[in-house]
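> Predicted model, plus sequence, below.
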Amino acid sequence: MLTRNKSGDILITAITGPKRVFVTFLVDTGAQISALTKRDAQKCGVVPTKGQCYILNALGTTETMNMALVKLMLPGEEDQLVVKMVIGDIPNNLLGMDVLAGRQWEDSEGFLWSFGTPPINIRLLQTAPALPYSKTTNVKQYPLPSGAKEGIKTVIQDLRDQGIIVNTHSPFNSPVWPVRKPNGKWRLTVDFRRLNANTDPLTAAVPNLADLITSIQEKAHSIMATIDVKDMFFMIPIQPEDMDRFAFTWEGQQYTFTRLPQGYKHSPTLAHHALAKELEKIPKPDNVDVYQYIDDILVGGDEIGVVGDTQQEIIAHLESLNLQIPSEKIQKPSQEVKFLGIWWKGGMTCIPPDTLTSLDQIKMPESRKDLQQALGLLVFWRKHIPDFSIIARPLYDLLRKGVKWDWTPAQEEALQLLIFEATAHQALGPIHPTDPFQVEWGFASSGLSIHIWQRGPEGPTRPVGFYSRGFKDAEKRYTLWEKGLFVVSLALIEVEKITRQQPIVLRGPFKVIKAITTGTPPPEGVAQRASVRKWYAQIEYYCNTFSVTEGAVKNLAIQETESLDNTQEKPASVIKVAPPFSPEQSTNSWFTDASARREGKVWRYRAAALHISSGERIITEGEGSAQVGELIAVWSVFQHEVQNTSLVCIYTDSYAVYKGCTEWLPFWQQNGWEVNRIPVWQKEKWQEIFDIASHGNFAIGWVASHQTDGNPAGEWNNKADELAKLSPLKKEQIIEDWDQLLEWLHVKRQHTGAKDLYKEAHARGWPVTREMCKTCISACEQCRKRLERHPLEDDPLHLREGKGLWDAWQVDYISPFKKSGGKHFVLVGVEITSGLVQANAFQRATGDNTVKALQEWFGTFPKPQEIQSDNGSHFTAKVVQDWAKNEGIKWVFHTPYYPQANGIVERTNGLLKRLLKPQEGNWDVRLWEAVKGVNSRWGTNGCPKITAFCPTAPSIIPSPRGPENPKNPVHYPGQPVLVDLPTVGEVPLTLKTPLNNFAWVASDALGKEHRINTRWIIPSF
């Protein structure tokens, strides 16, 4: 540590010479070489060498002095330093820059002194508040190009010198990815994407960009000026406890940021807030507005002098904080400025002149790369280009994967039209605060378009913005009415971003508002019903929020061949829509249905088709979902009626199959049986249906399923449903069958161990586990009678190292059983040392039921130190964790989806289910017997090993006082007893309420209640 003398000089003490004497040196940054007085050299055992040097003294004369090699041990350093020093008759020992360079120490006043580094001119703004919680993320550094490594070295060193990054050792880590600037220099960027994804949100203080642009457009300032603050993020220090999360690795060393880094999700919010605080301190005239977006500032007004003065006041205040404002990033008051990447002229947003020049110089592309560059420039300014997505469709089609490059007049015309439209609408706005918005909307076959205009008080109607997008494959099949609803809802969403309660006038190829406001139901269409309801609700909401009206009908001049009226041609369907079913017209009618179930990892369906007149049935089974089965049922009818020339009516309750046959089939056929370049599901079956229907006479109708109102169509559909119904799988029964096979194999193998049983079962291809084999042997009566210990090579309930009796339990819920006595679940607990099992049945697996069972168990048994479980919500619930915390119990969660981690209770679950046999019913009554069987399973010669812990039948309740049995005493409420309470000793208590067969609530003389075990009662009392 550095110290100061009375004169304020900086002193440093170092261990010097072979005698290791503490010597005080004067820090002299003007000296090029260190010096030691003769007297101190003799004390330290330093002997001058023959070398000499010439010293220029303060009088300007030269002196000759001796040199010596001196060993130094500087503060805070472990290695000894050998320094060549001057030895002579000088007033003070001096430590020059030959030793000081590159080192830093903290003085007694807390200041950090760095020597040999350039001065740092950084003024820090207010420290950022505590950052939101981030989950630990550690991403390894990925390989970097050699050029990036070389270019970033100096950047990292500069940041270290400035204290922006420091060495650290953190569990966090993010990879570095340097970025090369246009000027050839490099910028240090860190990939914080994983960290951002695992960081809690923070309320954004940054204004919405669309709202900010709209505000500037509404003001329409005639004079504007801009300011850009350099390295704004690095002006915001972060708290020490938040630094670890920004760690990154460079050349084997981990660093972290001490200031807000670029790339962190909350850096813009915090930087914007810090600069906004400083801007609030600067007074501004009433006729001047200041806009800020993070580190960009715009000053707007009507007088050039006032705007210029305000700009200079802001610059002066920020520079007084030593913030850097590069002169090249200052735009002086002018009628045109560039702000947020937009060229502003009054209240108009314009395409910059240099961009317009680039657009004029665009040549016709000769390759995909040329076309991508041209579209990249145009798409940035698509808000200035009406119908962009529709006009550019031929260009994007040429860039699709697998499409051969072929530049045609159609592409050339599209590109020229885009350039023309961008030039024609190079200026948007300004927005008048009261005049209505004129919203023109329309659509073509490939996409939609929205034009937003406004007629201000001065001049003609001017554009405010254009919006367009292509239709997705499903949207292309919408009816005209559905497309209209869809486009109008999007148009109102776009206008909402810029409106300030101005009236909205809609103009399109037809009117939709009246039908919505009057509640007219939509006609039969293609879109999902939920989508139509959403569009209705959105449009109705905007009509109630804003003043929305509809003007005269207008069609947009979209350059595509498809018209926008109701006469547009659609592919003709080869399958008709069947008329509503009636028994009188059922000469050749079929009803189809299907069901499916899962067998292991495979779904299997059963498809059924029922002929009304003849009662003929077609049953088909195979692998697939119920939806596949519905299609197979219809397909089987087409196969059966392929030679029939009369009308065949098919009725199905699958809406997807019905719509596919009556509407989607011709679209799929036109598109090569693909949807968005993905093959149609069950492509071959649809193709066969299409081919057969093309030469036949088929009609398909849709009927609602599971109808009980006596409707003839519903009755026949229910009959088809019965034919297609699969018998439900009984999972427990399947497990029971394998258990029986294991028992047979165990006997056949002459009661060998679990390893042999598993090996033999595995050789036979049986889907059994080692745990099932161990459970089978555990329940073998002959093995228990024949052997003194359990025949398994390893005890099924292992002792855990460091765990004593009653120290730890494992708990788990057994999956829902068949309902019995209103109960579905069983909570099982196992004491891991003794193997004692407890179980409670509940209707649901909840945290409250978990606490209820644990309170009952540990009112009887000693409270454990630890409880182990999986990560189920019934264990992670707040009520469970709060209870464990209050009881002083440590709760340990095992690895999710890895039952072996909770192995003791998992194996107990299997044995308990085997003894309980829940498939036989009334298992909730027999649960206590199963628990008793599990607790006595390790006995020999039929004698249970832990019968002291076995519960008795639930019908046996402590009865009132009766004849005493010394071996099995009977207790009753109000009985005085002497109890040996753990950690307390013998205490006289009075029994009050029984909790179970061996636990009571008792009260002492002061009325305080205690939970006791009957084993604690001293019999002689």
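Sure, I can see it. Residues are numbered from 1 along each chain as shown.
> helix/strand/coil for residue 365?
Of the three states, residue 365 takes coil according to DSSP: H, G, I helix; E, B strand; the rest coil.
> which residues does it contact?
Neighbouring residues of residue 365 by C-beta atoms under 8 Å, 6 or more residues apart in numbering: 371, 373, 374, 407, 415. Backbone N, C-alpha and C define where each C-beta goes, glycine included.
> what's the spacing between the fourth one and residue 368?
In this structure, residue 407 lies at 10 Å from residue 368, with C-beta to C-beta, to the nearest Å as the measure.
> got any residues that touch both of the two?
Here residue 407 and residue 368 have residue 398 as joint contacts, going by C-beta under 8 Å, 6+ apart.
> Roughly how far does the residue most central in space within the chain sit from residue 355?
With distances taken as C-alpha atoms, centre = their mean, the residue of the chain nearest its centroid is residue 197 (6.1 Å). With distances taken as C-beta to C-beta, residue 197 is found 35 Å from residue 355.
> which parts of stretch 97-112 are buried?
By 16 or more other C-beta atoms under 10 Å, the buried positions in stretch 97-112 come out as 97, 99, 100, 103, 105.
> Please, where are all the helices along the stretch 751-900 of the chain?
Counting by DSSP state H, counting those that start in this stretch, residue ranges of the helices within the stretch 751-900 of the chain are 754-763, 770-778, 781-786, 847-857, 873-876, 878-887.
> what's the farthest-apart pair in the contacts of residue 365?
For the contacts of residue 365, the farthest-apart pair by C-beta to C-beta is 373 and 407; their separation is 14.7 Å.
> neighbour-wise, which of the two wins?
Using other C-beta atoms under 10 Å, the more surrounded residue of residue 373 and residue 407 is residue 407, with 16 against 13.
> Helix or strand: which one has that one?
Counting by DSSP states H and E, no helix or strand carries residue 407.
> same thing with residue 106?
Using DSSP H and E, residue 106 falls in strand 104-106.
> what do you get for residue 631?
Using DSSP H and E, residue 631 sits in helix 626-640.
> Now do the same contact list for residue 464.
428, 429, 431, 437, 452, 453, 454, 498.
> So how do I select the buried members of those in ChimeraX?
Of the contacts of residue 464, the buried ones go into a single ChimeraX selection, burial set by 16+ other C-beta under 10 Å:
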select :428,429,431,437,452,453,454,498
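> Pick out the lowest-pLDDT one from the contacts of residue 464.
Of all these, residue 429 has the smallest pLDDT value, namely 81.
> With residue 452 as the reference, measure out to it.
Distance, residue 429 to residue 452, by C-beta to C-beta: 10 Å.
> Over to residue 807?
Counting by C-beta to C-beta, the gap from residue 807 to residue 452 is 72 Å.
> again, but for residue 382
For residue 382, the distance to residue 452 - C-beta to C-beta - is 14 Å.
> ok, which stretches of the stretch 251-400 of the chain are strands?
For the stretch 251-400 of the chain, applying DSSP state E, counting those that start in this stretch gives strands covering 253-257, 289-293, 296-301, 331-334, 336-339, 342-345, 348-350.
> and these, which is most packed in?
Comparing the strands of the stretch 251-400 of the chain by mean neighbour count (mean count of other C-beta atoms under 10 Å), strand 296-301 ranks first with a mean of 24.
> can you list contacts of it?
Residues outside strand 296-301 that contact it (C-beta under 8 Å, 6+ apart): 216, 219, 221-229, 279, 285, 287-292, 307, 310-311, 314, 333, 337, 339-340, 344.
> For residue 382 and residue 452, list the residues in contact with both.
The contact sets of residue 382 and residue 452 overlap at residue 466 (C-beta under 8 Å, 6+ apart).
> Could you export the contacts of residue 365 to JSON lines, including columns for pLDDT and distance to residue 201?
JSON lines is the format used below for those (pLDDT from 0 to 100; distance: C-beta to C-beta, whole Å):
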{"residue": "371", "pLDDT": "92", "distance to residue 201": "40"}
{"residue": "373", "pLDDT": "90", "distance to residue 201": "37"}
{"residue": "374", "pLDDT": "90", "distance to residue 201": "39"}
{"residue": "407", "pLDDT": "90", "distance to residue 201": "48"}
{"residue": "415", "pLDDT": "92", "distance to residue 201": "42"}
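> Restricted to helices, list those residues.
Among the contacts of residue 365, DSSP state H puts 371, 373, 374, 415 in helices.
> Please pick the buried ones from these.
Among the ones in helices among the contacts of residue 365, those buried by neighbour count (16+ other C-beta under 10 Å) are 371, 374, 415.
> and of those, the nearest to residue 256?
When those are ranked by distance to residue 256 (C-beta to C-beta), residue 374 comes first, at 43.0 Å.
> which residue packs closest to the closest one, ignoring adjacent ones?
residue 362 (5.4 Å; C-beta to C-beta, 6 or more residues apart in numbering).
> Please work out which of the helices of the stretch 751-900 of the chain is packed deepest.
Across the helices of the stretch 751-900 of the chain, averaging neighbours per residue (mean count of other C-beta under 10 Å) puts helix 770-778 on top, at a mean of 21.
> In the stretch 101-250 of the chain, where is pLDDT below threshold?
Low-confidence segments of the stretch 101-250 of the chain (pLDDT under 70): 109-112, 116-126, 204-205.
> now do 80
The stretch 101-250 of the chain contains residues with pLDDT under 80 at 102, 105-128, 146-147, 181-184, 203-211.
> which residues in it form strands?
104-106, 112-114, 165-167, 179-180, 186-187, 223-228, 248-250.
> Redo those as JSON lines? Include distance to residue 420.
JSON lines is the format used below for the strands of the stretch 101-250 of the chain (distance: least, C-beta to C-beta, whole Å):
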{"stretch": "strand 104-106", "distance to residue 420": "63"}
{"stretch": "strand 112-114", "distance to residue 420": "61"}
{"stretch": "strand 165-167", "distance to residue 420": "51"}
{"stretch": "strand 179-180", "distance to residue 420": "35"}
{"stretch": "strand 186-187", "distance to residue 420": "38"}
{"stretch": "strand 223-228", "distance to residue 420": "29"}
{"stretch": "strand 248-250", "distance to residue 420": "48"}
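> Perfect, I'm done here.
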